[in-house]
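*Asks:* give me a model of this one.
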Amino acid sequence: MLTEIITKVLFLIAVIDPLGTVPVYLEATKLLGLKEKKKVAVRASVIAFLILLFFIVVGQLILEGMDVTLDAFQISGGVILFLFALTMIFGEGKPTSEKEMIKDYKQVTIFPVAIPSLASPGAIMAVVLLTDNHLYSIEQQVITTILVLAVVVLTMLILLGASVVQKRIGEYGITVISKVMGLILAAYAVQSILTGLKHFFTVLQ
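*Replies:* Now for the predicted structure:
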């Protein structure tokens, strides 16, 4: 049980990527005062968690309403996560690509800090996979939701101390860590694809 929790926490940290959000947050809030910066960190984290919670609750209902099978969801979800991981590993890196999205420095709480920096497509897909009704009990899904909240709170604390983090690690160090998180995410994505294919071919037999 403890091993499973640790694995989920590491996975959630990989997809939410708190350190990778630091340069994005600092760039987005560079024109704001200290008080406003703290408000952005807190509000963006709350909004990101509410978005992830929404998909935890209704994400699978939407898929089932479209008559998507568990195997198809695992395979497609794995592919999407794998592609997301590749962008983290081989792309410009989360800090660079998302800083380029900033157009209006007065409205940065929701975009790009909450979305897509924290509640990214990869994070949304991940929480839906981790709370699949066919694989996990209600108790396990509640635990996962609490873990998501814990990682978002950790992210918020990191953002509140973003300047210190940036000075200690540096943007290059943050990019390297983000790419390592991408490797972890890629491994989980491949495992999800293999599991889906295994179940699919077992049913065919």
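
*Asks:* what helices or strands is the helix or strand in which residue 27 is found leaning on?
*Replies:* Using DSSP states H and E, residue 27 sits within helix 18-28. Applying 3 or more Cβ pairs under 8 Å, 6 or more residues apart in numbering; DSSP states H and E, one finds that helix 18-28 makes contact with helix 34-65, helix 94-99, helix 138-160, helix 162-204. Placement of C-beta: from N, CA and C, glycine included.

*Asks:* give me the pLDDT for the residue nearest to residue 47 when sequence neighbours are not counted.
*Replies:* The spatial neighbour of residue 47 that comes closest, neighbours along the chain excluded (Cβ to Cβ, 6 or more residues apart in numbering), is residue 114 at 4.1 Å. pLDDT recorded at residue 114 is 94.

*Asks:* got it, and residue 12?
*Replies:* Model confidence at residue 12 (pLDDT) stands at 94.

*Asks:* pull the helix or strand with minimum mean pLDDT from this protein.
*Replies:* Every helix and strand of the chain was ranked by mean pLDDT, DSSP states H and E. The lowest is helix 94-99, at a mean of 61.

*Asks:* picking that back up, report how many residues lie close to the residue nearest to residue 47.
*Replies:* Other residues lying near residue 114 total 22 when counted by other Cβ atoms under 10 Å.

*Asks:* how close does it sit to residue 6?
*Replies:* Plainly put, residue 114 is 27 Å away from residue 6 if you go by Cβ to Cβ, to the nearest Å.

*Asks:* shaky segments in this structure?
*Replies:* 92-104, 106, 203-205 (pLDDT under 70).

*Asks:* go again with 80.
*Replies:* Scanning the chain with the threshold set as pLDDT under 80 gives 1, 60, 63-64, 67-70, 91-107, 203-205.

*Asks:* quick one, phi/psi of residue 135?
*Replies:* Backbone torsions for residue 135, taken as degrees, to the nearest 10, come to phi -110, psi -30.

*Asks:* tell me who's in contact with the closest residue to it other than its chain neighbours.
*Replies:* Excluding its sequence neighbours, the residue lying closest to residue 135 (Cβ to Cβ, 6+ apart) is residue 70, at 7.5 Å. By Cβ atoms under 8 Å, 6 or more residues apart in numbering, the contact list for residue 70 reads 132, 134, 135, 196, 199.
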